[in-house]
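Engineer: structure of the sequence below:
(2 chains)
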Amino acid sequence: MNAPAYNFAYLDEQTKRMIRRAILKAIAIPGYQVPFASREMPMPYGWGTGGVQVTAAILGPQDVLKVIDQGSDDTTNAISIRKFFGKTAGVATTTSTTDATVIQTRHRIPEAPLHAGQVLVYQVPIPEPLRFLEPRETETRRMHALGEYGLMHVKLYEDIARFGHIATSYAYPVKVNARYVMDPSPTPKFDNPKMDNCPALQLFGAGREKRIYAIPPHTDVVSLDFEDHPFTRYRFDAPCALCGAGDSYLDEIVTDDKGSRMFVCSDTDYCESRQLAGHRGSESAPPHKERAHG
Amino acid sequence: MTTVAELPAGFADKVLSAQSTFRSVMDAMARPGSVQRVTASVGAPAGMMRGAAAIALTLFDHDTPIWLDAAMSATPDVAKWLKFHTSAPVVADSSIASFALVGDAKNLPALDRFAFGSNEYPDRSTTLILHAESLTQGPNFEMRGPGIDGTALLQAMLQPRDLFQRLTINEALFPRGIDVVLVHDDLIVAIPRTTRLVASGA
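Structural biologist: Numbering: from 1, shown residues only, chains lettered A, B, ... in the order given. Reported below is the predicted structural model:
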């Protein structure tokens, strides 16, 4: 037998058709979670089985794939998924945000602006924004049907009553096209404004929870807030220690057991591109260090 | 009497043709009013445009009941071709169809004959695949909605003439509604339920 043991991009054609139909409905009803018959994938739940199935259903030989995990191209999850599609679909892979046509992401939106023609695929653990407020699927489904989102505002209000501000810092709920309240997956709320009027298509896949949802390009995405407590972004008040960026989302890295820390861009591609362009931060190695040593 | 051997072929390459056709449909749905092209080489039964045949091979299977209009079911060719290539059941009741193939769009039945989905499950609706006379020439249709940066302009000869007027029910019904894919030869344009007509004219 010379036939390969699996189909192009791993999934069989019937599964792809089912996922493709779900994606089309998701695009037609922005923010609505379309149920789909999620398959078992050769990786555990929590590793992006939903995102992988969406990517497998849309990916073609012409695509250039980028995979990030918390902004990084170099973590285990990102590398294994990138290798998975390199092997099963033979697609070109990249770490560059601008060169990629399909970007699968876990918990971040790249810093570099996305452009038309790109598809951003999110890995989603819990797609239902109301799930921790109302555990019954029948009830949350009715709340979505009626557009009844008072409970979510009560939750945000309770944040204010308890902490003096909206303390939700990631998976911050948004309203899509003035209709559906949607969970943006556990991205930091720093990334929420990037979803609004984005030129790229955004697809969300939740494998364990068996839901696919989408935001078409140029769609209104509004973070929920109150007139007297407007939505605010949050980032550590520091420049990146490696590239000096003052506008990127930062990871805090503890460097010893005496309380020292450094802040670096969470988006590795953004940070590396800036360093290549000559930007330096406080912890950068001095330029041309090798040459100085002769 | 048509035998299986006389049926037109499907895709030359099932896997990659379905993938490229899906991307065209997905781009069309994500950018309403934009004209996308189906590049895959595909055989089509008499009375069915290439683009519609490619969409059928890409999205139809045993899970999707299909409704055919009078033009599509005038001869058994289309139903036989669909059955052989997709195994999709052809149903007489349009209100349970996942997809409706409409060859003679002038006589499109009233939209309430199709499934709108429910408020709980708005995805359980019928997607209309309509043959159009032209998607590059004809009266102007200016549209706005999700997927469109500002407004999108479509020049097309569409049947029925009052298509967009009929689709205004999507506004009142949302999130229930009808999504439409217009096909002319190998060109496709999607009008999802969120798209609104701003202006039209010659």
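
Engineer: from now on I want contacts and neighbour counts done on CA atoms only, so please keep to that.
Structural biologist: OK.

Engineer: what's across from the residue nearest the centre of chain B in the sheet?
Structural biologist: In chain B, the C-alpha closest to the average C-alpha coordinate belongs to B:I129, at a distance of 1.8 Å (C-alpha atoms, centre = their mean). When bridges are called by DSSP bridges, B:I129 pairs up with B:L101, B:V181.

Engineer: residue numbers of the stretch 51-200 of chain A in contact with chain B?
Structural biologist: If contacts are counted using C-alpha under 8 Å from any C-alpha of the partner chain, the residues of the stretch 51-200 of chain A sitting beside chain B are A:57-60, A:141-142, A:144-146, A:177.

Engineer: how about 6 Å then?
Structural biologist: Selection of the stretch 51-200 of chain A residues close to chain B by C-alpha under 6 Å from any C-alpha of the partner chain yields A:141, A:145.

Engineer: would you list every one of the helices in the stretch 51-200 of chain A?
Structural biologist: Chain-ordered helices for the stretch 51-200 of chain A, with DSSP state H, counting those that start in this stretch as the definition, fall at A:76-88, A:137-146, A:150-163, A:192-195.

Engineer: can you tell me which of the ones you listed is packed in deepest?
Structural biologist: Relative to the other members of the helices of the stretch 51-200 of chain A, helix A:192-195 carries the highest mean neighbour count by mean count of other C-alpha atoms under 10 Å in any protein chain shown, namely a mean of 20.

Engineer: got a list of contacts for that helix?
Structural biologist: Defining contact as C-alpha atoms under 6 Å, 6 or more residues apart in numbering or on different chains, one finds that nothing outside helix A:192-195 touches it.

Engineer: next structured bit after it?
Structural biologist: Using DSSP states H and E, the helix or strand that directly follows helix A:192-195 along the chain is strand A:201-206.

Engineer: who does that next one touch, helix- and strand-wise?
Structural biologist: The helices and strands touching strand A:201-206, judged by 3 or more C-alpha pairs under 6 Å, 6 or more residues apart in numbering or on different chains; DSSP states H and E, are helix A:49-58, strand A:119-123, strand A:211-215.

Engineer: just the CA atoms of it, as CSV, please.
Structural biologist: Only the C-alpha atoms of strand A:201-206 are listed here, as CSV (Å, rounded to 0.1, in the frame of the first residue of the first chain):
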residue,chain,number,x,y,z
LEU,A,201,-11.7,37.0,9.1
GLN,A,202,-11.7,35.7,12.7
LEU,A,203,-12.8,32.1,13.3
PHE,A,204,-13.1,30.5,16.7
GLY,A,205,-13.0,26.7,17.3
ALA,A,206,-13.8,25.0,20.6
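
Engineer: so what strands line up beside that strand?
Structural biologist: Partner strands for strand A:201-206, per DSSP bridges, with pairing direction: strand A:119-123 (parallel), strand A:211-215 (antiparallel).

Engineer: that strand vs helix A:49-58, what angle?
Structural biologist: Following axes from the mean of the first three to the mean of the last three C-alpha atoms, to 10 degrees, one obtains 130 degrees for the angle between strand A:201-206 and helix A:49-58.

Engineer: now do strand A:201-206: distance to the chain's middle.
Structural biologist: 9 Å (C-alpha atoms, centre = their mean, to the nearest Å).

Engineer: list the buried residues in that strand.
Structural biologist: In terms of neighbour count (16 or more other C-alpha atoms under 10 Å in any protein chain shown), strand A:201-206 has its buried residues at A:201-206.

Engineer: dump the residues you listed to CSV, plus pLDDT.
Structural biologist: Compiled in CSV, the buried residues of strand A:201-206 are given as follows (pLDDT from 0 to 100):
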residue, pLDDT
A:L201, 98
A:Q202, 98
A:L203, 98
A:F204, 98
A:G205, 98
A:A206, 97
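
Engineer: can you redo the helices and strands packed on strand A:201-206 as CSV with distance to B:S17 and mean neighbour count?
Structural biologist: Formatted as CSV, the helices and strands packed on strand A:201-206 follow (distance: least, C-alpha to C-alpha, whole Å; neighbours: other C-alpha atoms under 10 Å in any protein chain shown):
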stretch, distance to B:S17, mean neighbour count
helix A:49-58, 12, 25
strand A:119-123, 19, 27
strand A:211-215, 23, 29
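
Engineer: mind putting these into CSV with mean pLDDT?
Structural biologist: What follows is the helices and strands packed on strand A:201-206, written out as CSV (pLDDT from 0 to 100):
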stretch, mean pLDDT
helix A:49-58, 97
strand A:119-123, 98
strand A:211-215, 98
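
Engineer: nice, that's everything, thank you.
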